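Visitor: Output the structure for:
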Amino acid sequence: MLDVAVIEDPAAAEVSLDPVRARLLAELAVPGSATMLAAKVGLPRQKVNYHLKTLERYGLVELVEERRKGNVTERVMRATAASYVISPVALAPVQPDPSRAPDQLSARWLLAVASRLVRDVGQLITGAAKARQKVATFAIDGEIRFASAADRAAFARELAEAVTTLVGKYHDEGAAGGRDHRVIVAVHPSITRDPGETGDPGETGATPTATKDATKEQ
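Guide: Here you go, the predicted model:
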C-alpha cells in the first residue's frame, strides 16, 4: 500500500468522491471483505460488494486474498493507498494556470502554483512507477511567528533574495545533460483548528507557514 496515490483519471476521481466509497477506502486501510465492511458501514453485503467492484475497476482497491467458505469465495480487499489526492489533470479543461496572472502577493495565484505542483509531482510519480524508478524530491515545511506585518514583508524580501542568489549560483543554462528543475517557495498564514477538529478550518491564525518545495526526478 502506498502512503499517497494521485488520481488523474476523471472517472476514478468521480468514483472516489462518492461518500460511501470514500468511507470504504478509509476502512480498507486494513484489509477486509464485503461482509466485514457491511457491518461497519451499515449497508447490505451486496451493496458493499458493488461499490468494491467499482473501486477495483478504477485501481483504488486491490485483491489481497481469496478465502473459501463452503460454497462461497470471500474476496479480501485493501485500498491501494492510505490517502488519495485528485490531480488537476482530472479537470484538465479548467485546471489552474499560474502563468495566466502571476502575482507573488495573490493567494489565488499561490493556489494555482500549488495545483501545478500536485499535477507535476503526480505525473512524475506515475511515470517513475511505470519505469520502476524513484523520484528524487526535496521539501521544507515549517512554521514561523512574525511580530509584525513589516517583519513578514522583510522576511519575504530576504527569502526571495536568498533564493535568487542560490539560483544564480547553481543554474547552468549550457550544462550538457543537465535537467531543468522547478523551485517553489511559499508563505501563507497557518490555519487555526480546535484539537480533534476534522471539518472546515476556522479563522486563520497569526502564525504564517513558510514552505519551500523543489521537485525533481532522477
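Visitor: For N49, which non-adjacent residue is closest in space?
Guide: The shortest distance from N49 to any non-neighbouring residue, by CB to CB, 6 or more residues apart in numbering, is to A34 (4.1 Å). (Each C-beta comes from the backbone N, C-alpha and C, glycine too.)
Visitor: I misspoke; the intended subject was A13.
Guide: Closest residue to A13 in three dimensions, ignoring its sequence neighbours and counting by CB to CB, 6+ apart: A90, at 4.2 Å.
Visitor: How about F146?
Guide: In space, F146 comes closest to R152 once its chain neighbours are excluded; the distance is 4.3 Å by CB to CB, 6+ apart.
Visitor: tell me which element the one you found is part of?
Guide: Using DSSP states H and E, the secondary-structure element containing R152 is helix 149-170.
Visitor: Can you name the next helix or strand after the lengthiest helix in the chain?
Guide: In the chain, ranked by residue count with DSSP state H as the criterion, the top helix is helix 107-131. Tracing the chain past helix 107-131, the next element assigned as helix or strand by DSSP H and E is strand 137-143.
Visitor: by contact count, what packs against the helix holding R152?
Guide: strand 182-191, strand 204-215 (3 or more CB pairs under 8 Å, 6 or more residues apart in numbering; DSSP states H and E).
Visitor: Lowest average pLDDT across these?
Guide: Of all the helices and strands packed on helix 149-170, the minimum mean pLDDT falls on strand 204-215 (a mean of 40).
Visitor: got a list of what R100 touches?
Guide: For R100, the residues meeting the contact criterion (CB atoms under 8 Å, 6 or more residues apart in numbering) are A112.
Visitor: now it: how far from S115?
Guide: As judged by CB to CB, to the nearest Å, R100 and S115 stand 12 Å apart.
Visitor: Quick check: A5 touching S87?
Guide: No - between A5 and S87 there is no contact under CB atoms under 8 Å: 10.3 Å.
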